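Engineer: Starting from these lines, generate the structure:
(2 chains)
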2 protein chains.
Amino acid sequence: MSLPAQVRLVEVGPRDGLQNESRPISVADKVRLVDDLSDAGLRYIEVGSFVSPKWVPQMAGSAEVFAGIRQQPGVTYAALAPNLRGFEDAMAAGVREVAVFAAASEAFSQRNINCSISQSLQRFEPIMDAARQQQVRVRGYVSCVLGCPYEGRVDPAQVAAVARALHDMGCYEVSLGDTLGTGTAGDTRRLFEVVSAQVPREQLAGHFHDTYGQALANVYASLLEGISVFDSSVAGLGGCPYAKGATGNIATEDVLYLLQGLGIETGVDLDTLIMAGQRISQVLGRDNGSRVARARLAK
Amino acid sequence: MSLPAQVRLVEVGPRDGLQNESRPISVADKVRLVDDLSDAGLRYIEVGSFVSPKWVPQMAGSAEVFAGIRQQPGVTYAALAPNLRGFEDAMAAGVREVAVFAAASEAFSQRNINCSISQSLQRFEPIMDAARQQQVRVRGYVSCVLGCPYEGRVDPAQVAAVARALHDMGCYEVSLGDTLGTGTAGDTRRLFEVVSAQVPREQLAGHFHDTYGQALANVYASLLEGISVFDSSVAGLGGCPYAKGATGNIATEDVLYLLQGLGIETGVDLDTLIMAGQRISQVLGRDNGSRVARARLAK
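Structural biologist: Numbers count the residues shown, from 1 in each chain, chains lettered A, B, ... in the order given. Have a look, this model is predicted:
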């Protein structure tokens, strides 16, 4: 099977990454991170989340971050909007693309967002209506696609049903997230085979966590299934909330290195990206979670 | 393409791993490690190296380690023997399988073992003769197969020539080592395509370093090329001598987890293996280099 000629990298470090870092970070440092990322050539950056700071204190100040960044032409600056209030706050902050978030596992949905999967989808309807009216694009996330901390195995058909629902509601792309990082290459291929019967492959993305070291193999398996959009986090920002001390998001640098080796275009410059990741790692006082960055910087 | 039904894991932690750890380790701890590994179900363990302790102080005491281990039936306990003197010492210690080591890059051969590739192959001839007489099997390693610290890119045809030479000399299996860890999945597939025209796939093994985070994706790529033997190191023992602070050997636990997910048999028990890796990590006072182990132990 031929690999895609181009891949779009969705940089989730400023949102999904920082949200799971324990150390607080200033608006100025977030702005700098986002600007560094666009300077590296990333064309899609998830900048923040419009949620109550009571629930996610790390995401406080997302409006100020949006106001502070140097918005470059051709770059999508997106935000998570879990409800209509968040969507409206995002619009007020000038956001032009949002993301919504559902789970593939009932137990995870109940424990994480306190409602069933179908209730969570219903809650998105007013967001989708408002987004349509304001011509704002909505991206959908599905979590726990290859395993759930409460239910264990998750049926690919269940993932496909949730992905299909998000797609039918108007999400132009659905990102399938291996939240636990327990999935392996074979699971990944079966998942995309099953889900792509419901949502076209061109509208699916892969979102892998490296908790079990499998993320990059899963990216390669996804490429072999014709998937050409991947979420990743610079310097591997974001731990794994379900296993203390374990790794979470796959590092953008490591995905980019793989893609470059495969001759796949992304438009991203690796050296500039490594500098961006190293800077935010120093701000956070953490080790750089990218193996490519560590190897390059150690030389 | 169908994946192999079974994979043989060649555990190199006690030799290739410990050789690159900075902290010295006692014979008793080495013996315990090897016994733990055979208890976990590993059927091939590279126990030590018969080289001058002046050159590789970490490998001092290999004869004592061989004398101390509980040799289980069906398990191959191998040793590196870089020259005839080493081979004879290994035989005196009761070793029944040895490994020899060549490079795919001229510059690396010169700087690492102080002779050309063809000179290094000539030096193996007396070992091969002696091994044949004593019915000892010899495994061959080729290093720098996907990159050299001095030459950069390495031509797969050059790797194939060295692998073919080792095979022709009598090595029953040739392990291709990405010493730098710079190779990606596409490089890996091309490499095995080219080399397998000279040496049958069933007699080739993959040896990947995770310095750039690519090792597991390379294992998966190799499986897709029909390779069914992989070298790995429990707890990821062994740093990368060419990039201080960077990762070296791929962790056996992480390879095993991938293989289990793919439904591939190895005969190794993951939980017992994790305990073995955690114990030696504590002895060395280092972080456990297996992501699977870290995730499991963090739960």
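Engineer: Now for the residue in the stretch 101-250 of chain A that chain B sits nearest to: which residues touch it?
Structural biologist: Per CB to the nearest CB, the residue of the stretch 101-250 of chain A with the smallest distance to chain B is residue A:184, at 2.7 Å. The C-beta positions use only the backbone N, C-alpha and C, and glycine is treated the same way. When contacts are counted by CB atoms under 8 Å, 6 or more residues apart in numbering or on different chains, residue A:184 touches A:214, A:217, A:218, B:257, B:258, B:260, B:261, B:262.
Engineer: Please report phi then psi for it.
Structural biologist: phi -120, psi 180 (degrees, to the nearest 10).
Engineer: quick one: contacts for residue A:49?
Structural biologist: Counting by CB under 8 Å, 6+ apart, residue A:49 has contacts A:15, A:19, A:56, A:59, A:62, A:79, A:80, A:81, A:82, A:86.
Engineer: unless I'm mixing things up, the fourth one is touching residue A:48, no?
Structural biologist: Yes - checked against CB atoms under 8 Å, the pair residue A:59 and residue A:48 is within contact range at 5.7 Å.
Engineer: Looking at these two, which is more packed in?
Structural biologist: Neighbours per residue, other CB atoms under 10 Å in any protein chain shown: of residue A:59 and residue A:48, the larger number sits with residue A:48, 31 against 22.
Engineer: Helix, strand, or coil at that one?
Structural biologist: When the structure is split into helix, strand and coil by DSSP: H, G, I helix; E, B strand; the rest coil, residue A:48 lands in strand.
Engineer: ok, what's across the strand from it?
Structural biologist: Applying DSSP bridges to residue A:48 gives these bridge partners: residue A:79.
Engineer: Give me the pLDDT value at the residue lying closest to residue A:169 once chain neighbours are set aside.
Structural biologist: Setting aside the residues directly before and after it, residue A:169 is nearest to residue A:128 in space (CB to CB, 6 or more residues apart in numbering or on different chains), at 5.0 Å. Listed pLDDT for residue A:128 reads 97.
Engineer: helix or strand right after the helix or strand where residue A:128 lies?
Structural biologist: Using DSSP states H and E, the secondary-structure element containing residue A:128 is helix A:117-133. Once the chain leaves helix A:117-133, the next helix or strand it forms, by DSSP H and E, is strand A:137-143.
Engineer: tell me what that next one is packed against?
Structural biologist: Contacting strand A:137-143 under the criterion 3 or more CB pairs under 8 Å, 6 or more residues apart in numbering or on different chains; DSSP states H and E are the following elements: strand A:97-103, helix A:117-133, helix A:156-169, strand A:173-178.
Engineer: Can you tell me what sits against it?
Structural biologist: Under the criterion CB under 8 Å, 6+ apart, residues A:78, A:96-105, A:108, A:112, A:127-128, A:131, A:159, A:162-163, A:166-167, A:169-177, A:179, A:207 lie in contact with strand A:137-143.
Engineer: Buried ones among those?
Structural biologist: Neighbour-count burial (16 or more other CB atoms under 10 Å in any protein chain shown) is assigned, among the contacts of strand A:137-143, to A:78, A:97-105, A:108, A:112, A:127-128, A:131, A:159, A:162-163, A:166-167, A:169-171, A:173-177, A:179, A:207.
Engineer: Go through the helix or strand encompassing residue A:187 and flag the buried ones.
Structural biologist: Secondary structure from DSSP H and E places residue A:187 in helix A:185-195. Applying a neighbour-count criterion of 16+ other CB under 10 Å, the buried positions in helix A:185-195 are A:185, A:186, A:187, A:188, A:189, A:191, A:192, A:194, A:195.
Engineer: same question, stretch A:283-293
Structural biologist: Along stretch A:283-293, the positions that meet the burial threshold by neighbour count (16+ other CB under 10 Å) are A:283, A:284, A:286, A:288, A:289, A:290, A:291, A:292, A:293.
Engineer: Would you reformat the residues you listed as CSV and include pLDDT and distance to residue A:140?
Structural biologist: What follows is the buried residues of stretch A:283-293, written out as CSV (pLDDT from 0 to 100; distance: CB to CB, whole Å):
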residue, pLDDT, distance to residue A:140
A:283, 95, 31
A:284, 93, 29
A:286, 90, 30
A:288, 93, 30
A:289, 93, 26
A:290, 95, 27
A:291, 94, 30
A:292, 96, 29
A:293, 96, 30
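Engineer: Quick check: the residue of the stretch 1-150 of chain A nearest chain B.
Structural biologist: For the stretch 1-150 of chain A, the nearest residue to chain B under the criterion CB to the nearest CB is residue A:3, separated by 7.9 Å.
Engineer: which residues sit in contact with that residue?
Structural biologist: Residues touching residue A:3, when contacts are defined by CB under 8 Å, 6+ apart, comprise A:223, A:224, A:262, A:264, B:186.
Engineer: What segments of the stretch 151-299 of chain A are helices?
Structural biologist: Taking DSSP state H, counting those that start in this stretch as the criterion, the stretch 151-299 of chain A contains helices spanning A:156-169, A:185-195, A:215-224, A:252-261, A:270-284, A:291-298.
Engineer: Write out the residues of the stretch 151-299 of chain A neighbouring chain B.
Structural biologist: On the criterion CB under 8 Å from any CB of the partner chain, chain B has as its neighbours in the stretch 151-299 of chain A the residues A:181, A:183-187, A:210-214, A:216-217, A:219-221, A:240, A:242-247, A:251, A:254, A:257-258, A:260-263, A:290-292, A:294-295, A:298-299.
Engineer: Show the buried residues in those residues.
Structural biologist: Looking at those with 16+ other CB under 10 Å, the buried ones turn out to be A:181, A:183-187, A:210-214, A:216-217, A:219-221, A:240, A:242-243, A:246-247, A:251, A:254, A:257-258, A:260-262, A:290-292, A:294-295.
Engineer: Name the spans of the stretch 51-200 of chain A whose pLDDT lies under the cut-off.
Structural biologist: By pLDDT under 70, the stretch 51-200 of chain A contains no weakly predicted segment.
Engineer: contacting residues for residue A:7?
Structural biologist: Contact partners of residue A:7, counting by CB under 8 Å, 6+ apart, are A:223, A:228, A:229, A:230, A:259, A:264, A:265, A:266.
Engineer: Narrow these to those in strands?
Structural biologist: A:229, A:230 (DSSP state E).
Engineer: Got a quick PyMOL command for the buried subset of the contacts of residue A:7?
Structural biologist: Below is the selection syntax for PyMOL that covers the buried ones among the contacts of residue A:7, with 16+ other CB under 10 Å defining burial:
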select buried, chain A and resi 223+228+229+230+259+264+266
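Engineer: Turn the contacts of residue A:7 into JSON lines, columns for distance to residue B:32 and pLDDT.
Structural biologist: What follows is those, written out as JSON lines (distance: CB to CB, whole Å; pLDDT from 0 to 100):
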{"residue": "A:223", "distance to residue B:32": "42", "pLDDT": "98"}
{"residue": "A:228", "distance to residue B:32": "48", "pLDDT": "98"}
{"residue": "A:229", "distance to residue B:32": "48", "pLDDT": "98"}
{"residue": "A:230", "distance to residue B:32": "42", "pLDDT": "98"}
{"residue": "A:259", "distance to residue B:32": "42", "pLDDT": "98"}
{"residue": "A:264", "distance to residue B:32": "45", "pLDDT": "98"}
{"residue": "A:265", "distance to residue B:32": "50", "pLDDT": "98"}
{"residue": "A:266", "distance to residue B:32": "47", "pLDDT": "98"}
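Engineer: right, and out of the contacts of residue A:7, which lies closest to residue A:70?
Structural biologist: The closest of those to residue A:70 turns out to be residue A:266 (CB to CB; 20.8 Å).
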